[in-house]
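*Asks:* Next one to model:
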Amino acid sequence: MRNLPYGDRDSVGLFQQRASWGSLEQRMDPHQAASMFYTGGSGGQPGLLDISGWQNMTVTDAAQAVQRSAYPNAYADDEPLARALVAQITGGGAARAQLAGYAEDCGFPPGMQCPPTPWPQVEQGLTPDALTSLRCLHEKFPRITTYFGIGDRPAGNDGDHENGRAIDVMIPYADYQSAEAKAYGWKVVRWILANRTALGVKYVIYDKKIWSVARQDEGWRTYTHYTGCTSDTCLHYDHIHVSVYGNAAQLPATGDWVLPVAPGSYHLTARFGDCGRRWASCHTGLDFAAPEGTPVRAVAKGTVVFAGRAGAYGNLVKVDHGNGVMTMYAHLRSLPSDSVGASVIPGQMIGEVGSTGNTTGPHVHLEVRVDGQPQDPQLWLSGHGVAP
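*Replies:* Numbering: from 1, shown residues only. This next block holds a predicted model:
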């Protein structure tokens, strides 16, 4: 960090605050400048704590809400390094960030970094997403003191608990059916869903209701235990069940190129060069079929240059990797907000598998173009060490 005594017009200091924020002495003092960033400037500028919903924003959006820069996406370039530095300093996250390549930075929006809990026996065996969920829930809701992690407690008979992809969050009230207890439980649930991308959440069960990424358009649905059990525990009155993808929010330890969806979560359908009545001309990409809502990742470092509707492509994101190389991700469930101009690193989440546009089912259509000419993504990825 550099505490600059100069900047654009009268901006100075770590935060490049203008004269209306305070005196030159205040703006050049890192302690006072940081306090103003959080609590506001002397000219009435709002600080971070005045911004409604700042806890659920990306770092880039939160910074811009305070700083009001003429270049609102410029913060994104430094976000991976900033998160890695924080992880090194605090020791937070499922694993320490590796500063050289930011290999432990998290998804898009960024994942969370939270310190370990006092319960190593609960943390043992959890996947990165489950561990992050446990640690961040403990940090956000210290009143909750009982959690369960890995074990023989199948939910939906999908093996999530046995494989470390789920946690149970016990409601901290003796009478968990009381109005006060339910209000607290739903408060926790709302926080989980508001941060589901950063936690890697797949579905949540509470109070005889279930919400899942794959069926989010349906909202909360009535939950029926797969065995027919109707006890309070089976119907999740006394606890919140959180199932996760496993390693969706946390970036994988990887090289310069990765697959657009996690290994084992997809099967290949239409391939490059396939022809038939489904296409106006032959297929120009590689289709990774996966459940709707599966995280889609940038295959390499680059800059988002397009995010919008594009005819038969549906929701489409384009990433420019330099040297004439561009990748395209089509049929996404939704579009990342304010993402154009943002920098991404290998494995950073840029969307979710969907079925928008011309599709016969949920999948991500990946294209690789060099100087505008389509290349075979299967050959291209294989040539970069990540064969689909």
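*Asks:* What is the neighbour count of Arg297?
*Replies:* By other C-beta atoms under 10 Å, the residues close to Arg297 number 26. The C-beta positions use only the backbone N, C-alpha and C, and glycine is treated the same way.
*Asks:* Just the helices from the stretch 201-350 of the chain, written as ranges.
*Replies:* Defined through DSSP state H, counting those that start in this stretch, the helices belonging to the stretch 201-350 of the chain form an empty list.
*Asks:* ok, then the element right after the longest helix anywhere in the chain?
*Replies:* As assigned by DSSP state H, the longest helix anywhere in the chain is helix 179-194. Downstream of helix 179-194, the first helix or strand assigned by DSSP states H and E is helix 196-199.
*Asks:* What mean pLDDT does that following helix get?
*Replies:* Taken as a whole, helix 196-199 has a mean pLDDT of 78.
*Asks:* if we can go back for a sec, got the buried residues for the longest helix of the chain?
*Replies:* Burial within helix 179-194, assessed by neighbour count using 16 or more other C-beta atoms under 10 Å, is assigned to Ala181, Lys182, Tyr184, Gly185, Val188, Val189, Trp191, Ile192, Leu193.
*Asks:* excluding its backbone neighbours, what's nearest the fourth one?
*Replies:* With C-beta to C-beta, 6 or more residues apart in numbering as the measure, Ile171 is the residue that lies nearest to Gly185, at 5.1 Å, once sequence neighbours are left out.
*Asks:* From Asp238, how far off is that neighbour?
*Replies:* The spacing between Ile171 and Asp238, counted by C-beta to C-beta, to the nearest Å, is 6 Å.
*Asks:* Show me which of the two is the more surrounded one.
*Replies:* When neighbours are counted by other C-beta under 10 Å, Ile171 comes out ahead of the other of Ile171 and Asp238, with 23 against 19.
*Asks:* Next up, the contacts around that one.
*Replies:* Applying C-beta atoms under 8 Å, 6 or more residues apart in numbering, one finds that Ile171 lies in contact with Ile144, Ala181, Tyr184, Gly185, Asp238, His239, Ile240.
*Asks:* quick one: the first one and Ile167 touch, right?
*Replies:* By that I understand Ile144. No: taking C-beta atoms under 8 Å as the contact criterion, Ile144 and Ile167 are not neighbours in contact, 10.9 Å apart.
*Asks:* what number of residues lie near Asp371?
*Replies:* Asp371 has 8 nearby residues by other C-beta under 10 Å.
*Asks:* domain parsing for the chain?
*Replies:* The chain is divided into the following domains under automatic domain parsing: 19-74, 120-244, 267-383.
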